[in-house]
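Student: Next comes the sequence, and after it the predicted model I'd like to discuss.
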Number of protein chains: 2
Amino acid sequence: MPMILSKANENMTRKQRELFDREQLILDTAQQILNQQGTQGLTMDRVAAEIEYSKGTVYNHFSSKEEIISGISCRCMDNLTELFGRARDYNGSHRERIAAVGIAQSLYAQLHPVEMQNMQLIKSADVRDKISEEKQLELLQIEQKITGIVLEIVRDAMNNGDIPQDQPFIPDSIVLGLWSMGYGSNLLHMSGIPFKKLGMQQPLEMAWVNSHKLLDSYQWRPLSTTFDIYALREKLCKDLFPEEMKQLNSPK
Amino acid sequence: MPMILSKANENMTRKQRELFDREQLILDTAQQILNQQGTQGLTMDRVAAEIEYSKGTVYNHFSSKEEIISGISCRCMDNLTELFGRARDYNGSHRERIAAVGIAQSLYAQLHPVEMQNMQLIKSADVRDKISEEKQLELLQIEQKITGIVLEIVRDAMNNGDIPQDQPFIPDSIVLGLWSMGYGSNLLHMSGIPFKKLGMQQPLEMAWVNSHKLLDSYQWRPLSTTFDIYALREKLCKDLFPEEMKQLNSPK
DNA sequence: ATAGAATATGACGAAGCGTCAAAAATTGTC
DNA sequence: GACAATTTTTGACGCTTCGTCATATTCTAT
């Protein structure tokens, strides 16, 4: 069996580089199919045909369809991590940074809805059981990395005195609160429930309001009662995610 | 083709009653398989074998596997609705009632994890596309019913003066906030992420805390700073969900 | 009792997954 | 450069499941 490398490396032989490149090609192709035709449109035969190799070769790289999907998810989560990283490194108050994380998530969900679905899909027990131990560990590590970024911002804010420390479970509860809210909003956003028709606001829009409500409740200063959250959003979008905003607003 | 009724009715003929009963039998059987063997374990052939009819007969009732799953989800959502109804009808403050809704959701998630997964599964685009218009409408209507219960509690609270009305988007934003948080927590709870190992709290536990934080932020009186949320939880569990608590604590 | 309608059946074709023995390509050695 | 050993590729194959449909069976009403 061939040696497959999931991470690029300096001293790879030509052969290894070839294999690595093909692995990326498979993921690229699969992702494209996924975006165009959804999960059912993604079949191993189709991927094989598309990359002009045989099915067996595809199986040399990924032992199942689920492995491919989780491979795609890993890359997507890396991309999301990069956006989160920008938020963490933002030169502003901690409250602004944590807000930027929320924007990052929302932007990503809007720009890459299919990928977002996949990230959730691989969390379901059925799919997870079909993924190898290694891939599961890889996913977990990325997940930890993302959580770590958020946790770091919260801890820094606490050390900086922006959040009073008189409450239990902080910073866990803040992280989980924001995480749940963000996740849930995304899920509702993609659920196809016609909120507009039902005379309700959009979940993603409300997530922005409610996240700030939550942070206010933890007394994370400056409180949103002292500034305009929509002005902040515009500022952060412009400062941190100009490219993403352009993509979002351009006619696809 | 046979006439299939999804709703029970007073003046059904014997034949219609038979068909209706069989439809329930199929759903019961499928649900059992689902609980024991997961989504992949559920096949049309297996259902047919189990109910001792042929596959064609199963297809006379449900035109695809997804239709069965959404049928199960409808029944589960009805059950959840019943729990929510208890919360709404609770003889206590509005804040206590909305809190009871949160408990209802959390209890249901713990008692019926597989069903909860399914309710989320049918929201994914892939599955939704395979469900008939009628079933989608039925799902939407139940969803609206559930939302309506929560909305009703919030509106009553506002009319009662428990929530100040100086903020925009209320009550939408409260409903969506709680909904997102509840959904997200469930998703994380079932995601298999080892929060305990990572030194973090359990999502469902944190959802309880964070929901109250959110309500506090909307200044929904009485504020959680004036009472013990854990004592409240115990009281509500005892008053409203004694049977469910017993099930939860009994060794399955 | 019997015709006609309603319902049940399971063999069948299609599609997709994952495997594996054989074929092809690559590498190393003299 | 020839040749053996190893690695890689291939696609036909077996298996499972879905959903269909012509045929068989059962029911109903006269």
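Tutor: It's in.
Student: Could you check the pLDDT of residue A:15?
Tutor: With respect to pLDDT, residue A:15 has a value of 63.
Student: scratch that, residue A:166 is what I was asking about
Tutor: 88.
Student: And for it, the neighbour number?
Tutor: Residue A:166 has 7 neighbouring residues, counting by other CB atoms under 10 Å in any protein chain shown. Where C-beta positions appear, they are placed from N, C-alpha and C, glycine not excepted.
Student: That one: which element?
Tutor: Assigned by DSSP states H and E, residue A:166 belongs to no helix or strand.
Student: can you pull out the helices in the stretch 151-252 of chain A?
Tutor: A:172-190, A:203-217, A:229-240, A:242-249 (DSSP state H, counting those that start in this stretch).
Student: Give the rounded mean pLDDT of the last one.
Tutor: It stands for helix A:242-249. Here the average pLDDT along helix A:242-249 is 96.
Student: For that helix, which outside residues touch it?
Tutor: With CB atoms under 8 Å, 6 or more residues apart in numbering or on different chains as the test, helix A:242-249 has contacts from A:83, A:107, A:110-111, A:237-238.
Student: Please name whichever of the helices of the stretch 151-252 of chain A is nearest to DNA strand D.
Tutor: helix A:172-190 (22.4 Å; CB to the nearest atom of the strand).
Student: Show me what the closest one is packed against.
Tutor: helix A:94-111, helix A:113-121, helix A:133-159, helix A:203-217, helix B:172-190, helix B:203-217 (3 or more CB pairs under 8 Å, 6 or more residues apart in numbering or on different chains; DSSP states H and E).
Student: Report the angle between that helix and helix A:94-111.
Tutor: Angle of helix A:172-190 versus helix A:94-111, following axes from the mean of the first three to the mean of the last three CA atoms, to 10 degrees, is 30 degrees.
Student: With mean pLDDT, distance to DNA strand C and mean neighbour count added, can I get the helices and strands packed on helix A:172-190 in TSV?
Tutor: What follows is the helices and strands packed on helix A:172-190, written out as TSV (pLDDT from 0 to 100; distance: least, CB to the nearest atom of the strand, whole Å; neighbours: other CB atoms under 10 Å in any protein chain shown):
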stretch	mean pLDDT	distance to DNA strand C	mean neighbour count
helix A:94-111	97	26	23
helix A:113-121	93	14	20
helix A:133-159	96	13	17
helix A:203-217	97	32	24
helix B:172-190	95	22	25
helix B:203-217	97	30	24
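Student: In the stretch 1-150 of chain A, what residue comes closest to chain B?
Tutor: Closest residue of the stretch 1-150 of chain A to chain B, CB to the nearest CB: residue A:123 (4.2 Å).
Student: correct me, but that residue touches residue B:189?
Tutor: No: at 10.6 Å, residue A:123 does not count as touching residue B:189 under the criterion of CB atoms under 8 Å.
Student: nearest residue to residue A:186 other than its sequence neighbours?
Tutor: Spatial nearest neighbour of residue A:186, chain neighbours left out: residue A:109 (4.8 Å); criterion: CB to CB, 6 or more residues apart in numbering or on different chains.
Student: which residues sit against stretch A:176-183?
Tutor: By CB under 8 Å, 6+ apart, stretch A:176-183 touches A:98, A:101-102, A:105-106, A:120, A:147, A:150, A:207, A:210-211, A:214, B:177, B:180-181, B:183-185, B:187-188, B:200-201, B:203, B:206-207, B:209-210, B:213.
Student: cool, and stretch A:41-55?
Tutor: A:22, A:25-26, A:29-30, A:33-34, A:57-59, A:65, A:68-69.
Student: go again using 6 Å as the cut-off
Tutor: A:25, A:29-30, A:33-34, A:58 (CB atoms under 6 Å, 6 or more residues apart in numbering or on different chains).
Student: so which strand or helix has the residue of the stretch 1-150 of chain A closest to chain B?
Tutor: Per DSSP H and E, there is no helix or strand for residue A:123.
Student: separation between the nearest residue to it once chain neighbours are set aside and DNA strand D?
Tutor: Distance criterion CB to CB, 6+ apart; nearest residue to residue A:123, sequence neighbours excluded, is residue B:191 at 4.2 Å. Residue B:191 sits at a distance of 25 Å from DNA strand D (criterion: CB to the nearest atom of the strand, to the nearest Å).
Student: Am I right that residue B:191 is in contact with residue A:121?
Tutor: No: counting by CB atoms under 6 Å, residue B:191 does not reach residue A:121; the two are 11.2 Å apart.
Student: Run a quick neighbour tally on the nearest residue to residue A:143 once chain neighbours are set aside.
Tutor: Leaving aside its sequence neighbours, residue A:143 sits nearest to residue B:193 (CB to CB, 6+ apart; 6.3 Å). Residue B:193 sits with 18 neighbouring residues when counted by other CB under 10 Å.
Student: State the phi and psi torsions of residue B:193.
Tutor: Main-chain dihedrals, residue B:193, degrees, to the nearest 10: phi -70, psi 130.
Student: Could you check which residue of the stretch 151-252 of chain A lies nearest DNA strand D?
Tutor: For the stretch 151-252 of chain A, CB to the nearest atom of the strand, closest residue to DNA strand D: residue A:192, 19.4 Å.
Student: Could you do chain A as well?
Tutor: Counting by CB to the nearest atom of the strand, chain A gets nearest DNA strand D through residue A:56, at 2.1 Å.
Student: Is DNA strand C within reach of the helix or strand containing that residue?
Tutor: Using DSSP H and E, residue A:56 maps to helix A:55-61. Yes: applying CB under 7 Å from any atom of the strand, one finds helix A:55-61 in contact with DNA strand C at A:55-56, A:59.
Student: Was I right to think the residue nearest to residue A:186 contacts residue A:116?
Tutor: Yes: if you go by CB under 6 Å, residue A:109 and residue A:116 touch, sitting 5.0 Å apart.
Student: Export the contacts of stretch A:41-55 as a markdown table, with columns for neighbour count and secondary structure.
Tutor: Output for the contacts of stretch A:41-55, formatted as a markdown table (neighbours: other CB atoms under 10 Å in any protein chain shown; DSSP: H, G, I helix; E, B strand; the rest coil):
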| residue | neighbour count | secondary structure |
| --- | --- | --- |
| A:25 | 16 | helix |
| A:29 | 20 | helix |
| A:30 | 24 | helix |
| A:33 | 18 | helix |
| A:34 | 19 | helix |
| A:58 | 23 | helix |
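Student: Break chain A into its domains for me.
Tutor: A:1-62, A:73-249 (automatic domain parsing).
Student: Just put these in a markdown table and tack on distance to residue B:39.
Tutor: Formatted as a markdown table, the domains of chain A follow (distance: least, CB to CB, whole Å):
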| stretch | distance to residue B:39 |
| --- | --- |
| domain A:1-62 | 13 |
| domain A:73-249 | 5 |
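Student: related to what we said a few turns ago, what about the residue of the stretch 151-252 of chain A closest to DNA strand D, distance to residue A:97?
Tutor: Residue A:192 sits 33 Å away from residue A:97, taking CB to CB, to the nearest Å as the criterion.
Student: now do residue A:52
Tutor: Applying CB to CB to residue A:52 and residue A:97 gives a distance of 46 Å.
Student: same deal with residue A:33?
Tutor: As for residue A:33, its distance to residue A:97 is 37 Å (criterion: CB to CB).
Student: Can you report how many residues lie near the residue nearest to residue A:129 when sequence neighbours are not counted?
Tutor: Closest residue to residue A:129 apart from its sequence neighbours, by CB to CB, 6+ apart: residue B:38 at 7.8 Å. For residue B:38, the count of nearby residues is 15 (other CB under 10 Å).
Student: Great, nothing more from me.
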